[in-house]
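Participant: Pasting the sequence and the predicted model now:
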Amino acid sequence: MISTNSPARAGTRLLTATLGTFGLLVGVQSNAEPVKTVNGTPIDSMVLDVYVQNRINKPLEQVTAEEREALMSELTDIYVLSTQDSVDDLEEDPKVVAQIELQRRGVLAQAVATQFFAENKVSEEEVLAEYSEQVKLAPPLQYKARHILVPTQGVATDVIKRLDEGAKFEELAKEKSTDSSASNGGDLGWFSPNQMVSAFSDSVATLDDGAYTKAPVQTEFGWHVILREDSRETEAPPLDSVREAITQSVQQKKFQEHMATLRAGAEGKD
């Protein structure tokens with residue numbers, strides 16, 4: 001929520017952060033009713049609506065009175081600055097012209113992309129096909145493991161020696177590990193290989209259930225001694241639990257294919 005408790009006006013306080021949003025308003029023209037006039041320039045309701053949606057991702061009819069007041073104050077300050085006499089000269093500045101053109105193109109590009117998604121809905125058949133493909137690509141096994149993370153190879157080697165002598169893994173993890181899992185005896189629970197850095201997951205994959213690494217494993221986090229406690233076949237999540245992510249994946253693939261076609265068609269054109 002936007003706060004207006006500060007004595008400073010919200011528009012001035014947030015002006016720096018919101019000037020970038022002004023680019024989204026370039027070229028906005030409509031027959032909407034004006035909601036305010038600043039230096040003779042009307043701010044119409046469509047401009048306010050677009051500004052609100054881009055600032056707090058809400059339609060105008062859903063904003064609170066406090067939010068509307070704060071956002072109106074921000075927008076007013078933008079209009080105050082952009083209606084100064086010096087703007088006439090600034091509009092001729094090549095850099096300003098380029099920035100306005102870039103922002104205009106960005107708004108248009110986003111609108112075209114939004115239109116594409118609206119006109120190219122994902123079918124149930126496409127969702128099922130993508131779901132099946134991702135199930136096939138999932139690692140075949142999940143692992144349950146513990147680890148002891150230490151800062152040096154020498155300390156890790158000493159940990160392995162103590163394990164060889166019969167020390168309990170959980171107790172050594174509590175004593176030696178610098179990881180947040182130390183208090184739980186190094187327990188990492190169940191995970192898929194792609195959830196861990198490759199050096200770690202590759203080492204786990206080479207172990208048998210119940211075995212620990214006989215040499216320290218180095219990753220960006222330090223040196224690990226790893227105990228693979230158990231393994232199981234990966235079970236695909238229910239489709240409904242991942243439907244949204246699957247749908248988004250299909251949408252992005254379709255859009256990227258569309259973009260590739262557009263790029264190819266644009267090559268060589270003057």
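Facilitator: All right, it came through fine. This is a predicted model, so every value here is computed, not measured.
Participant: how far away is residue 244 from residue 63?
Facilitator: 26 Å (Cβ to Cβ, to the nearest Å). In short, each C-beta sits where N, CA and C put it, glycine included.
Participant: who's more crowded, the two?
Facilitator: For residue 244 versus residue 63, neighbours defined as other Cβ atoms under 10 Å are more numerous around residue 63 (21 against 9).
Participant: List the residues that contact the closest residue to the more buried one other than its chain neighbours.
Facilitator: Closest residue in space to residue 63, ignoring its immediate chain neighbours: residue 52 at 5.8 Å, by Cβ to Cβ, 6 or more residues apart in numbering. Neighbouring residues of residue 52 by Cβ atoms under 8 Å, 6 or more residues apart in numbering: 58-60, 63, 67-68, 71.
Participant: quick one: which of those is nearest residue 214?
Facilitator: residue 58 (57.6 Å; Cβ to Cβ).
Participant: residues contacting the closest one?
Facilitator: So residue 58 contacts 52, 67 (Cβ under 8 Å, 6+ apart).
Participant: In three-state terms, how would it be classified?
Facilitator: Following DSSP: H, G, I helix; E, B strand; the rest coil, we place residue 58 in the coil state.
Participant: who's the closest residue to residue 34 other than its chain neighbours bridged to?
Facilitator: With Cβ to Cβ, 6+ apart as the measure, residue 42 is the residue that lies nearest to residue 34, at 3.6 Å, once sequence neighbours are left out. Beta-bridge pairing of residue 42 under DSSP bridges involves residue 37.
Participant: buried set for stretch 236-247?
Facilitator: 242, 246-247 (16 or more other Cβ atoms under 10 Å).
Participant: How about stretch 151-160?
Facilitator: Within stretch 151-160, judged by 16+ other Cβ under 10 Å, the buried ones are 155-156, 158-160.
Participant: Spit out the contact partners of the nearest residue to residue 194 once chain neighbours are set aside.
Facilitator: Spatially, and ignoring its direct neighbours in sequence, residue 194 is nearest to residue 139 (6.1 Å; Cβ to Cβ, 6+ apart). Shown in contact with residue 139 (Cβ under 8 Å, 6+ apart): 192-194, 234.
Participant: same thing with residue 211?
Facilitator: Per Cβ under 8 Å, 6+ apart, neighbours of residue 211: 227-228.
Participant: now with 7 Å?
Facilitator: residue 228 (Cβ atoms under 7 Å, 6 or more residues apart in numbering).
Participant: still on that earlier bit, can you tell me the element the residue nearest to residue 63 falls in?
Facilitator: helix 45-56 (DSSP states H and E).
Participant: right, and the helix or strand after that helix?
Facilitator: Using DSSP H and E, the helix or strand that follows helix 45-56 in sequence is helix 65-82.
Participant: what ranges do the helices span in this structure?
Facilitator: 10-13, 15-22, 45-56, 65-82, 87-90, 94-119, 124-137, 153-164, 169-176, 198-206, 239-266 (DSSP state H).
Participant: residues near residue 248, how many?
Facilitator: So residue 248, with other Cβ under 10 Å, has 12 neighbours.
Participant: do residue 36 as well
Facilitator: Neighbour tally, residue 36, other Cβ under 10 Å: 15.
Participant: again, but for residue 91
Facilitator: The burial count for residue 91: 11, using other Cβ under 10 Å.
Participant: got a pLDDT number for residue 235?
Facilitator: On pLDDT, residue 235 comes in at 87.
Participant: do the same with residue 29
Facilitator: Looking at residue 29, the pLDDT reads 49.
Participant: can you tell me how far residue 77 sits from residue 83?
Facilitator: 11 Å.
Participant: Among those two, which residue is more densely surrounded?
Facilitator: Per other Cβ under 10 Å, whichever of residue 77 and residue 83 has more neighbours is residue 77, with 20 against 12.
Participant: Max pairwise distance over the buried residues of stretch 151-160: which two?
Facilitator: 155 and 160, at 10.0 Å, using Cβ to Cβ across the buried residues of stretch 151-160.
Participant: just for the stretch 151-270 of the chain, where's the confidence low?
Facilitator: 268, 270 (pLDDT under 70).
Participant: One more pass at 50, please.
Facilitator: Scanning the stretch 151-270 of the chain for pLDDT under 50 picks out no residues.
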